[in-house]
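S.K.: Requesting a structural model of the entry that follows:
(one chain, ligands or ions: 1)
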Amino acid sequence: MDDLRVKYLDAIANAADEAALEDLRLQAVGKKGEVSLKMRELGKMTPEERQVAGPALNALKDEINSALSAKKSALADAALDERLRGEWLDVTLPSRPTRQGSIHPISQVTDEVTAIFADMGFSVAEGPQVESDWYNFDALNIPGHHPARAEMDTFYMHRAEGDDRPPHVLRTHTSPVQIRSMEKAGAPLRVICPGRVYRADYDQTHTPMFHQVEGLAIDKDISMANLKWVLEEFVRAFFEVDHVELRFRASHFPFTEPSAEVDIRCSWEGGTLKVGEGDDWLEILGSGMVHPKVLAAGGIDPDQWQGFAFGVGIDRITMLKYGIPDLRAFFDSDLRWLRHYGFASLDQPNLQGGLSR
Ligand code: DAH
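M.R.: Numbering: from 1, shown residues only. Have a look, this model is predicted:
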């Protein structure tokens, strides 16, 4: 019995893992284990012998069982320690010093514009960039023969041979989102619609893809006066100046009546732009009162509702605000340019903390 005791306690102490431990348990105290077989021999013993051997065998069995369970939890503890050592992490290390990425100026300005208009109660709407010609043109009172269609240098999508429905287009402006917003939400309505637009044009101030933000406000008694206030408020907040002067110039857009182009007073002294002072004027957007036909196309009764709309070139106001001379550089993905003009990724523009800090 002493031999068995030494044999198993040693083996258990040296067991490498739980599987080895289980093998030892079967060999010693399993149904056909050595200790169990010895217990069966008790029957053949004399009562005197049995009185000595019985308790001793039971004690041996208990001793082996508790050695097994002690070793089992020691192995589990060791495995946990090992895992903790492997997964150790110094959470007190400082963050990496190099800035990994930055916010593109277009994204920054889109966020700035959104923050300003959100503060005035406008929500944000989006529409598809591949648009039907109805949304892009007809619904906006630009019929098939209208010169605006030709002027916009539209990209047309391909139609299958024999399919003579009008082709879809890459939207040439964000104005179709006016129609989609009216259809979806009805009146009253206040939305801005920022996004990508496309025209076949390429030089220092034109790229085939660029960005606009559309504004639309519809209610019972909205007038040009509201349009003027909203735009002044916007320009003042956007250029982060206390005072700006706007000039409304009579113009023509098919989707507004009357229409106005809006210029801001500025100076170019020393080659840098200053907004709000000087003797120059710079055109920044188109606007007007929404044409009754456009309201009707959006499912809104023009006898009950009226409103204003405007469209701003995001890229253009970004170049003006941040002194970026060439539009094409926006889309070159040149890392040096992005590092120079990009914005810190954790600074969300807001009216309280400052738009661009
Ligand atoms: N859609 C026009 C463009 O792309 C811009 C525009 C002008 C939008 C006047 C408007 C507006 O909503 O009222 O050139």
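
S.K.: wait, does stretch 115-132 make contact with the ligand?
M.R.: No - Stretch 115-132 does not reach the ligand (C-beta under 6 Å from any ligand atom); its nearest approach is 12.6 Å. (C-beta placed from N, C-alpha, C; glycine too.)

S.K.: which non-adjacent residue is nearest residue 267?
M.R.: Excluding the flanking residues, the one nearest residue 267 by C-beta to C-beta, 6 or more residues apart in numbering is residue 278, at 2.3 Å.

S.K.: Next, that neighbour: secondary structure please.
M.R.: Put simply, residue 278 is coil when judged by DSSP: H, G, I helix; E, B strand; the rest coil.

S.K.: which stretches of the protein form strands?
M.R.: 123-124, 130-131, 169-170, 189-198, 209-219, 246-253, 256-267, 274-275, 280-290, 306-313 (DSSP state E).

S.K.: got JSON lines for these, with mean neighbour count too?
M.R.: Output for the strands of the chain, formatted as JSON lines (neighbours: other C-beta atoms under 10 Å):
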{"stretch": "strand 123-124", "mean neighbour count": "14"}
{"stretch": "strand 130-131", "mean neighbour count": "18"}
{"stretch": "strand 169-170", "mean neighbour count": "21"}
{"stretch": "strand 189-198", "mean neighbour count": "21"}
{"stretch": "strand 209-219", "mean neighbour count": "22"}
{"stretch": "strand 246-253", "mean neighbour count": "15"}
{"stretch": "strand 256-267", "mean neighbour count": "20"}
{"stretch": "strand 274-275", "mean neighbour count": "18"}
{"stretch": "strand 280-290", "mean neighbour count": "20"}
{"stretch": "strand 306-313", "mean neighbour count": "23"}
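
S.K.: could I get those strands as TSV with mean pLDDT?
M.R.: Listed next are those as TSV, based on pLDDT from 0 to 100:
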stretch	mean pLDDT
strand 123-124	98
strand 130-131	98
strand 169-170	96
strand 189-198	98
strand 209-219	98
strand 246-253	96
strand 256-267	94
strand 274-275	82
strand 280-290	94
strand 306-313	98
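
S.K.: Distance-wise, check residue 22 relative to residue 30.
M.R.: Taking C-beta to C-beta, to the nearest Å as the measure, residue 22 falls 9 Å from residue 30.

S.K.: what residues does stretch 330-342 touch?
M.R.: 99, 101-106, 207, 209, 315, 318, 322, 324, 329 (C-beta atoms under 8 Å, 6 or more residues apart in numbering).

S.K.: Oh, that last question was meant for stretch 257-269, not what I typed.
M.R.: The contact list for stretch 257-269 (C-beta under 8 Å, 6+ apart) reads 224, 231, 235, 239, 244-253, 273-289, 291-292, 310.

S.K.: rerun that using 6 Å as the cut-off
M.R.: The contact list for stretch 257-269, computed with C-beta atoms under 6 Å, 6 or more residues apart in numbering, reads 235, 244-249, 251-253, 273-275, 277-278, 280-288, 291.

S.K.: next one: stretch 31-47
M.R.: 27-29, 50, 54, 57, 61.

S.K.: Buried only: go through the residues you listed for me.
M.R.: Buried subset of these (neighbour count, 16 or more other C-beta atoms under 10 Å): 28-29, 57, 61.

S.K.: still on that earlier bit, pick the one among the contacts of stretch 330-342 closest to residue 166.
M.R.: Of all those, the one with the least separation from residue 166 (C-beta to C-beta) is residue 209, at 22.2 Å.

S.K.: does that closest one really touch residue 197, like I thought?
M.R.: No - applying C-beta atoms under 6 Å as the test, residue 209 and residue 197 come out as separate, 7.4 Å apart.

S.K.: If you drop the residues flanking it in sequence, what lies closest to whatever residue of the stretch 51-200 of the chain ends up closest to the ligand?
M.R.: Closest to the ligand within the stretch 51-200 of the chain is residue 173: 3.2 Å, counting by C-beta to the nearest ligand atom. Distances taken as C-beta to C-beta, 6+ apart place residue 197 nearest to residue 173, at 5.4 Å, with adjacent residues excluded.

S.K.: For the one you found, name its beta-bridge partners.
M.R.: Applying DSSP bridges to residue 197 gives these bridge partners: residue 210.

S.K.: That one contacts residue 176, correct?
M.R.: No - using C-beta under 6 Å, residue 197 is not in contact with residue 176, being 9.7 Å away.

S.K.: what's the burial count for residue 109?
M.R.: 28 (other C-beta atoms under 10 Å).

S.K.: The residue nearest to it when sequence neighbours are not counted: neighbour count?
M.R.: Among residues not flanking residue 109 along the chain, residue 318 sits closest, at 4.4 Å (C-beta to C-beta, 6+ apart). When counting by other C-beta under 10 Å, one arrives at 24 neighbours for residue 318.

S.K.: what separates residue 318 from residue 355, distance-wise?
M.R.: The gap separating residue 318 from residue 355 is 12 Å, by C-beta to C-beta.

S.K.: Which positions in this protein make contact with the ligand?
M.R.: Counting by C-beta under 6 Å from any ligand atom, the chain sits next to the ligand at 173, 175, 214, 253, 256, 286-288, 309-311.

S.K.: pLDDT for the contacts of stretch 31-47 - can I get that in a markdown table?
M.R.: Formatted as a markdown table, the entries for those read as follows, by pLDDT from 0 to 100:
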| residue | pLDDT |
| --- | --- |
| 27 | 93 |
| 28 | 91 |
| 29 | 90 |
| 50 | 88 |
| 54 | 89 |
| 57 | 90 |
| 61 | 92 |
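
S.K.: Having no further points to raise, I will conclude here.
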